[in-house]
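Peer 1: coords below, sequence missing:
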């Protein structure tokens with residue numbers, strides 16, 4: 001059974017602290033407005049992510065989290081331990 005940990009964040013600064021835990025090889029998801037991106041982190045630099053979607057028609061995508069921050073619903077990431085961490089920003 002997969003386990004989820006939900007964390008409610010009150011500020012962008014808290015979100016940035018949690019993003020520091022994300023590493024290459026982790027599975028990353030971001031949900032914003034009516035869209036989402038997901039994939040394995042190939043490269044990460046603070047709030048910039050290069051994700052391998054493992055889908056032939058999308059391939060590798062570049063994603064800058066700060067560009068969707070006003071519409072961000074949640075960010076989730078799964079480390080090698082199999083635990084999915086869900087970050088919800090409430091401002």
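Peer 2: On my side now, so go ahead. Predicted, not measured: the structure shown is a model, and the values here were computed from it.
Peer 1: mind checking the longest strand of the chain?
Peer 2: Longest among the strand segments of the chain by residue count, using DSSP state E, is strand 35-45.
Peer 1: check what contacts that one and list those residues.
Peer 2: 22-30, 49-54, 60-61, 63, 77 (Cβ atoms under 8 Å, 6 or more residues apart in numbering). Bear in mind the C-beta positions are built from the backbone N, C-alpha and C, glycine included.
Peer 1: chain center to that strand, what's the gap?
Peer 2: Here the centre of strand 35-45 is set off from its chain's centre by 7 Å, with Cα atoms, centre = their mean, to the nearest Å.
Peer 1: check stretch 16-29 too.
Peer 2: The chain centroid and the centroid of stretch 16-29 are separated by 6 Å, computed with Cα atoms, centre = their mean.
Peer 1: ok, now stretch 44-62?
Peer 2: Centroid separation between stretch 44-62 and its chain, computed with Cα atoms, centre = their mean, is 11 Å.
Peer 1: check stretch 46-64 too.
Peer 2: The chain centre lies 11 Å from the centre of stretch 46-64; the measure is Cα atoms, centre = their mean.
Peer 1: mean confidence for that stretch?
Peer 2: Mean pLDDT, stretch 46-64: 91.
Peer 1: just the endpoints, please. Distance across that stretch?
Peer 2: Start to finish, the residues bounding stretch 46-64 are 9 Å apart (Cα to Cα, to the nearest Å).
Peer 1: may I see the buried residues of that stretch?
Peer 2: Using 16 or more other Cβ atoms under 10 Å as the test for burial, stretch 46-64 gives 49-51, 63.
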